[in-house]
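Participant: My questions concern the predicted model and sequence given below.
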Amino acid sequence: GAVVSQHPSWVICKSGTSVKIECRSLDFQATTMFWYRQFPKQSLMLMATSNEGSKATYEQGVEKDKFLINHASLTLSTLTVTSAHPEDSSFYICSAREVHRDYYEQYFGPGTRLTVT
Amino acid sequence: GQNIDQPTEMTATEGAIVQINCTYQTSGFNGLFWYQQHAGEAPTFLSYNVLDGLEEKGRFSSFLSRSKGYSYLLLKELQMKDSASYLCAVLGSDYKLSFGAGTTVTVRA
């Protein structure tokens, strides 16, 4: 299957600082990418949908000014957690959709573990 | 929105078979996915069903009944490496994936 990379795989930052996470589709073009958050022992919760060349659409309850998403090209989306707080500590996973004629496939990146101290 | 239910935990013996059920209630349906997730890692794709019936892929099979809002993932010839969380996810009318809480499968020797 296709490969999605994320960088960094883990990051520790101080409260109040900003952190940028990159998501790349390595061998296919993704017009749509998704950002999920997963707390321990919970399932993935969709935060936002990132569309190349347009503004991201955020799920209810997700602050768009806090979680900035940029989808600058067909292979790169970035999530910036601004003014991070300890409650933002979580596992952030991006996903990229590959569109075939009759079906979709959605591939996940390896995740970024964010710890805010 | 989507309401997706699956059991929290299951335990089985190496070499055995385990069936993980998933029921869903949706406002739209464009397919059902099963993913495997090991602790601390991202989910990996296992199967996709959009039509009723059984899809077989090696030791793993997935079944879908759209009229019943029901799917199951069947794991055969269980191996220790199959110990993981298994996520049922529905692709809604908005083409976004909604995930169940996951079923943690523990394989014992």
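Facilitator: Everything's here; your move. Residues are numbered from 1 along each chain as shown, chains lettered A, B, ... in the order given.

Participant: CA atoms for contacts and neighbours, from now on please.
Facilitator: Fine.

Participant: With adjacent residues omitted, what lies nearest to residue 51?
Facilitator: As the question left the chain open, I've gone with chain A. Leaving aside its sequence neighbours, residue A:51 sits nearest to residue A:32 (C-alpha to C-alpha, 6 or more residues apart in numbering or on different chains; 4.8 Å).

Participant: that's the wrong chain, I wanted chain B
Facilitator: Of all residues not flanking residue B:51 in the chain, residue B:64 sits nearest, at 7.0 Å (C-alpha to C-alpha, 6+ apart).

Participant: Run a quick neighbour tally on residue A:23.
Facilitator: When counting by other C-alpha atoms under 10 Å in any protein chain shown, one arrives at 28 neighbours for residue A:23.

Participant: Neighbouring strands of the helix or strand of chain A with the lowest mean pLDDT in the sheet, and parallel or not?
Facilitator: Least confident helix or strand of chain A, by mean pLDDT, DSSP states H and E, is strand A:104-108 with a mean of 84. Applying DSSP bridges, strand A:104-108 is found paired with strand A:90-99 (antiparallel).

Participant: in the partner strand, what counts as buried?
Facilitator: The neighbour-count check on strand A:90-99 (16 or more other C-alpha atoms under 10 Å in any protein chain shown) flags A:90, A:91, A:92, A:93, A:94, A:95, A:96, A:97, A:98 as buried.

Participant: just curious, which of those is nearest to chain B?
Facilitator: The nearest member of those to chain B, counting by C-alpha to the nearest C-alpha, is residue A:93 at 6.8 Å.

Participant: Good, wrapping up.
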